[in-house]
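[1] Sequence first, predicted coordinates after that:
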Amino acid sequence: EPEVTQTPSHQVTQMGQEVILRCVPISNHLYFYWYRQILGQKVEFLVSFYNNEISEKSEIFDDQFSVERPDGSNFTLKIRSTKLEDSAMYFCASSAQGAWATEAFFGQGTRLTVV
Amino acid sequence: GIQVEQSPPDLILQEGANSTLRCNFSDSVNNLQWFHQNPWGQLINLFYIPSGTKQNGRLSATTVATERYSLLYISSSQTTDSGVYFCAVGQGGSEKLVFGKGTKLTVNP
């Protein structure tokens, strides 16, 4: 069964460092997403990406964040200068159509710890 | 924006018991999904159910879109059912899913 895969599973980084979280969405999907979940809290939308551009973003997704689809299979989230409050589980997701129309599938998550 | 409320926030069961989890939402939706977050943090898709009823083994779900709620039924619960169950909704014109705060289920042996 096709699945969304994320790497790494865990990442520890020093405050102020740049991190790149990687995702391989399901191959025939066209919409890609990043969500985050701070420990013990609900899952929050960060950004959606369609047709090689950001289609929607939340207030959380400020200038410190960027997304890229560098090739035909990978989708990345970059955090330029990490802060302690960026510590969270980050989920990548993909869907064949927009999330209002079809099921979104989530990866297993990357647990980011900023120290 | 749309509000998603899940109840109860916490639920403790003995193995073999049945349970019903509820998700209320404040506006019309085009997408509703149920997820199980396991102890390792993974989000597992359970149901895509913007309306109607679906069943998958011991789990079933019903969404009554006109009344803005969805129910997740777990029958004959097992310890492996423990974790947090999230409801998430999507609306036309928006790319995002909005999640509820979840129901934390603990199934004791």
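    Right, received. Where do you want to start? Numbering: from 1, shown residues only, chains lettered A, B, ... in the order given.
[2] Can you list the low-confidence ranges for chain B?
    In the predicted model of chain B, no residue satisfies pLDDT under 70.
[3] Tell me if I'm right that B:Asn31 and B:Pro50 touch.
    Yes. B:Asn31 lies in contact with B:Pro50 (C-beta atoms under 8 Å); the separation is 5.4 Å. Just so you know, the C-beta spots here come from the backbone N, C-alpha and C atoms, and that holds for glycine as well.
[4] Between these two, tell me which one has more neighbours.
    The neighbour count for B:Asn31 versus B:Pro50, taken as other C-beta atoms under 10 Å in any protein chain shown, is higher for B:Asn31 (23 against 20).
[5] Now B:Ile12: closest residue in space that isn't a chain neighbour?
    Among residues not flanking B:Ile12 along the chain, B:Thr106 sits closest, at 4.8 Å (C-beta to C-beta, 6 or more residues apart in numbering or on different chains).
[6] Could you say which helix or strand holds that neighbour?
    Here B:Thr106, judged by DSSP states H and E, is contained in strand B:103-108.
[7] So which bits of chain A are right by chain B?
    Chain A has residues A:31, A:33, A:35, A:37, A:41-45, A:48, A:50, A:55-56, A:58, A:89, A:91, A:98-106, A:108-109, A:111 near chain B, with proximity defined as C-beta under 8 Å from any C-beta of the partner chain.
[8] Please check these and keep the buried ones.
    The neighbour count (16 or more other C-beta atoms under 10 Å in any protein chain shown) marks A:31, A:33, A:35, A:37, A:42-45, A:48, A:50, A:55-56, A:58, A:89, A:91, A:98-100, A:102-106, A:108-109, A:111 as buried among those.
[9] Show me these that map onto strands.
    A:31, A:33, A:35, A:37, A:44-45, A:48, A:50, A:55-56, A:89, A:91, A:105-106, A:111 (DSSP state E).
[10] Considering the residues you listed, which is situated nearest to B:Asp81?
    Of all these, the one with the least separation from B:Asp81 (C-beta to C-beta) is A:Phe106, at 18.8 Å.
[11] give the contact list for the closest one.
    Residues in contact with A:Phe106 (C-beta atoms under 8 Å, 6 or more residues apart in numbering or on different chains) are A:Val4, A:Tyr35, A:Phe91, A:Cys92, A:Ala93, B:Phe35, B:Leu43, B:Asn45.
[12] what's across from the fourth one in the sheet?
    In other words, A:Cys92. On the basis of DSSP bridges, A:Cys92 takes part in beta bridges with A:Trp34.
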